[in-house]
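Undergrad: here is my input; please provide its structure:
(chains A, B, C and D)
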Number of protein chains: 2
Amino acid sequence: MIEKVIASLSVPSRREILYLLRDGELTSTAIAEHFEISAPAISQHLKVLQHSGLVAVRKSGTKRYYRIRKEGFKDLKAFIDQFWDDSLIRLKEAAEEEERRNNEP
Amino acid sequence: MIEKVIASLSVPSRREILYLLRDGELTSTAIAEHFEISAPAISQHLKVLQHSGLVAVRKSGTKRYYRIRKEGFKDLKAFIDQFWDDSLIRLKEAAEEEERRNNEP
DNA sequence: TTTTAAATTAAGTTGACACTTAATTAAGTG
DNA sequence: CACTTAATTAAGTGTCAACTTAATTTAAAA
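TA: Residues are numbered from 1 along each chain as shown, chains lettered A, B, ... in the order given. The predicted structure follows:
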């Protein structure tokens, strides 16, 4: 799923949609009002965000309320943390830095 | 920079390169051996990863040793954490869930 | 100084995808 | 039942970037 999650986030408009949804759920139209691009474009973005698991939707009459789906970020967070706070990396880095200092005085 | 970081991560080959570099620095050729795509393609990926700040390079003779640049992940991590553990979101979610239960019995 | 090795730059091709407008579905409301 | 509102699906277009092969740079070895 991380594939789809990252692809979702790679488009500025979609990140902007996520920012908007941080303050609570919004309808497709309400979201579209914040953009210059067309309503269908927003709709397409929302579909991508749903398929990647980053947003969820709730229907009520003709309206559809979109909201952040927190768990959708889980895998990506884990991916990043591998590089961010993996102690193995820190050890490797330190060892190599040490070696560099020794070999190129 | 988050723009470039996410773009970097959106390509499977580049994520694979990062995985390889977790175990320590590697030359361009050593990296290329793990892939089916051409050496120039790898070189281009490495350039993208450098420009996004996710990898750094060290020259020694004709060889170039690439390594993870941990700090490069910082901004993206912060971005994700906004959605992952922002207490405001949790409160909003809880409030809305509550409201949903009340309005649609 | 020729040759080899390591890696890149150059140039061109192709497929994906973020848009657009137009048409369609679905659910109220007069 | 028309009409409106909310949102989507359909279909087509243009751009961009991930590849390719060929050529070039740079440093070391023979």
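
Undergrad: from DNA strand C, how far off is the residue in chain A positioned nearest to chain B?
TA: The minimum distance from chain A to chain B, using CB to the nearest CB, falls at residue A:10 (4.3 Å). Where C-beta positions appear, they are placed from N, C-alpha and C, glycine not excepted. In this view, residue A:10 and DNA strand C are 7 Å apart by CB to the nearest atom of the strand, to the nearest Å.

Undergrad: please name the residues that touch that residue.
TA: Applying CB atoms under 8 Å, 6 or more residues apart in numbering or on different chains, we find residue A:10 in contact with B:6, B:7, B:10.

Undergrad: same thing but 10 Å
TA: B:3, B:5, B:6, B:7, B:8, B:9, B:10, B:11 (CB atoms under 10 Å, 6 or more residues apart in numbering or on different chains).

Undergrad: narrow those to those in strands?
TA: If you go by DSSP state E, those have nothing in strands.

Undergrad: drop anything exposed from the residues you listed.
TA: B:5, B:6, B:7, B:8, B:9, B:10, B:11 (16 or more other CB atoms under 10 Å in any protein chain shown).

Undergrad: just curious, which of these is nearest to DNA strand C?
TA: residue B:10 (8.7 Å; CB to the nearest atom of the strand).

Undergrad: what pLDDT does the closest one get?
TA: Residue B:10 is assigned 97 on the pLDDT scale.

Undergrad: residues in chain A within reach of DNA strand C, list them.
TA: Applying the criterion CB under 7 Å from any atom of the strand, the portion of chain A that neighbours DNA strand C consists of A:7, A:10-13, A:36-38, A:40-41, A:44-45, A:48, A:61-62.
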